[in-house]
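Colleague: Dropping a prediction and its sequence here:
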Amino acid sequence: MKKVVVGMSGGVDSSVAAYLLKEAGYEVIGVTMQIWQDEDTCTLEENGGCCGLSAVEDARRVADSLGIPYYVMNFKNEFRENVIDYFVDEYLKGKTPNPCIACNRYVKWESLLTRSLSIGADYIATGHYARVVQLENGRYALKKSATAAKDQTYALYNLTQEQLSRTLMPVGEYTKDEIRAIAEKIGLLVANKPDSQEICFIPDHDYASFISDYTGKEIKEGNFVDTSGKVLGKHKGIIHYTVGQRKGLGIALGKPAFVVEIRPEANEVVIGSNDEVFTDCLYAENLNCMSVERFEDGMEVMAKIRYNHEGAKCKLTMVSDDVVKCEFEQPQRAVTPGQAVVFYQGDIVAGGGTILGKTLA
């Protein structure tokens, strides 16, 4: 019997994943990853999400009802180093990071998989809406889930071949309604538990206060400038802004104004019109190839430039071994440095990378 460690967040998706794998004949072990940094019980309970005490208690109850062993594993250091420190550093560099992608790659997979293999597991599994497939060329890749509305392949594009070969994602074959129906049918208490939406370590969404508190640094004001360099006013610190942003700029120009670019070296936030937020080109680095061994010049893909982007046709050109240029058929809005660009061929993830910007300069 193959042994699988299921990452259980206390939510309905990972709970049903554990049930489906047990029904399929696997020896299932439930594990919740303890990653929250604060030791204060009230804070932990309050923050909930995939990190708080409520997640642990819900997951433990589910494991008991399924009759599977359950453990809490401490990954606080891994989470702080690979997710929180990265998140803070990227914002200080004027970028907009995606902490969930970093958490998936380095904590939920790399760290959990290593520890799971050390206790004799053959696989790890999660409740993500995605599917793992092995292609005719022998490579492992992600395939979009059965439900486009919940597909989570974008946030998983950075997984390695080894990680994919040891991963099971049973929930990817179902819609969310079907997963909730299964949970109700087998009497799981979490059947109607709402999905967690926020970044788990910043539940109040106040990124700037978190970064200031975490670093102990005073975030300095700087200049708003237009695209020609003319000073328009003062901004309250680059960590408060992201490309494409319109609301909360704190500057009145008598016309709609949008963040076009953030220049950390000069501590400037560039403001422009909506038209100036569009581009038909982007560059990306830190590439991860999934369905193919490498991206080829002229390769045509659908590219998603953020989680809720529907994707757009583009052509790839390799600039160096780890930088790719993407040229879109139609201009795209708010290409944001620090976010991921993920390439699809049909339902299959070809790979992706981290957006550098619309130029290499």
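Modeller: Received it, and whenever you're ready, just let me know what you need. Numbering: from 1, shown residues only.
Colleague: going forward, measure contacts and count neighbours with C-alpha atoms only.
Modeller: OK.
Colleague: For residue 117, give its distance to residue 3.
Modeller: For residue 117, the distance to residue 3 under the criterion CA to CA, to the nearest Å works out to 10 Å.
Colleague: quick one, which of those two is more surrounded?
Modeller: Of the pair residue 117 and residue 3, residue 3 is the one with more neighbours under other CA atoms under 10 Å, namely 20 against 16.
Colleague: thinking again about what came up before, which residues are in contact with each of residue 117 and residue 3?
Modeller: Shared contacts of residue 117 and residue 3, defined by CA atoms under 8 Å, 6 or more residues apart in numbering, comprise residue 123.
Colleague: Where do the helices of this protein begin and end?
Modeller: With helices called from DSSP state H, the chain shows them at 12-23, 41-47, 53-66, 76-79, 85-92, 99-103, 112-118, 161-165, 176-185, 207-215.
Colleague: For residue 235, which of these is the nearest?
Modeller: When the helices of the chain are ranked by distance to residue 235, counting by CA to CA, first place goes to helix 207-215 at 13.1 Å.
Colleague: which other residues reach the closest one?
Modeller: For helix 207-215, the external contacting residues (CA under 8 Å, 6+ apart) are 88, 202, 218, 219, 239, 240.
Colleague: Among the helices of the chain, which comes closest to residue 139?
Modeller: When the helices of the chain are ranked by distance to residue 139, counting by CA to CA, first place goes to helix 161-165 at 7.1 Å.
Colleague: For that closest one, buried residues please.
Modeller: Of the residues in helix 161-165, 161, 163, 164, 165 count as buried by neighbour count, 16 or more other CA atoms under 10 Å.
Colleague: possible to save those residues as TSV with pLDDT and distance to residue 72?
Modeller: Formatted as TSV, the entries for these read as follows, by pLDDT from 0 to 100; distance: CA to CA, whole Å:
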residue	pLDDT	distance to residue 72
161	98	27
163	97	21
164	98	23
165	98	24
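Colleague: Of those, which is the nearest to residue 307?
Modeller: For those, the nearest to residue 307 is residue 164 (20.5 Å; CA to CA).
Colleague: Filter the contacts of helix 207-215 down to just the buried residues.
Modeller: With neighbours counted by 16+ other CA under 10 Å, the contacts of helix 207-215 contain buried members at 88, 219, 239, 240.
Colleague: residues in contact with the second one?
Modeller: If a contact means CA under 8 Å, 6+ apart, then residue 219 has 212, 236, 237, 238, 239 as its contacts.
Colleague: From residue 266, how far off is it?
Modeller: 14 Å.
Colleague: And for the third one?
Modeller: Residue 239 sits 14 Å away from residue 266 when distances are taken as CA to CA.
Colleague: follow-up on the earlier one: now go through the contacts of helix 207-215 and say which are in strands.
Modeller: Judged by DSSP state E, the subset of the contacts of helix 207-215 located in strands is empty.
Colleague: What is the most widely separated pair among these?
Modeller: Using CA to CA, the pair of these lying farthest apart is 202 and 218, separated by 18.9 Å.
Colleague: re the thing from before, distance to residue 316 and pLDDT added to the contacts of residue 219, as JSON lines?
Modeller: Output for the contacts of residue 219, formatted as JSON lines (distance: CA to CA, whole Å; pLDDT from 0 to 100):
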{"residue": "212", "distance to residue 316": "38", "pLDDT": "92"}
{"residue": "236", "distance to residue 316": "37", "pLDDT": "94"}
{"residue": "237", "distance to residue 316": "35", "pLDDT": "95"}
{"residue": "238", "distance to residue 316": "31", "pLDDT": "96"}
{"residue": "239", "distance to residue 316": "31", "pLDDT": "94"}
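Colleague: Neighbours of residue 298, how many?
Modeller: The criterion is other CA under 10 Å. On that basis, residue 298 has 13 neighbouring residues.
Colleague: need the contact list for it.
Modeller: The neighbours of residue 298, taking CA under 8 Å, 6+ apart as the test, are 315, 316, 317.
Colleague: Residue 34: which of those is nearest?
Modeller: For the contacts of residue 298, the minimum distance to residue 34 (CA to CA) is 39.4 Å, reached by residue 316.
Colleague: For the closest one, report the pLDDT, please.
Modeller: On the pLDDT scale, residue 316 is placed at 98.
Colleague: contacting residues for it?
Modeller: If a contact means CA under 8 Å, 6+ apart, then residue 316 has 295, 296, 297, 298, 299, 300, 301, 324, 325, 326, 327 as its contacts.
Colleague: and if you look at residue 180?
Modeller: Residue 180 sits next to 12, 191, 192 when contact means CA under 8 Å, 6+ apart.
Colleague: One more pass at 10 Å, please.
Modeller: Neighbouring residues of residue 180 by CA atoms under 10 Å, 6 or more residues apart in numbering: 12, 13, 16, 174, 188, 190, 191, 192, 193.
Colleague: how about stretch 339-353: buried residues?
Modeller: Under the neighbour-count rule (16+ other CA under 10 Å), stretch 339-353 has 339, 340, 341, 342, 343, 344, 348, 349, 350, 351, 352, 353 buried.
Colleague: now swap in stretch 313-320 and tell me
Modeller: In stretch 313-320, the ones that count as buried by 16+ other CA under 10 Å are 313, 314, 315, 316, 317, 318.
Colleague: Residue 331: which of the contacts of residue 180 is nearest?
Modeller: Of all the contacts of residue 180, the one sitting nearest residue 331 is residue 174; the distance, using CA to CA, is 33.9 Å.
Colleague: Generate CSV for the buried ones among the contacts of helix 207-215, with distance to residue 77 as supplementary columns.
Modeller: Compiled in CSV, the buried ones among the contacts of helix 207-215 are given as follows (distance: CA to CA, whole Å):
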residue, distance to residue 77
88, 15
219, 26
239, 24
240, 27
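Colleague: Nice, that's everything, thank you.
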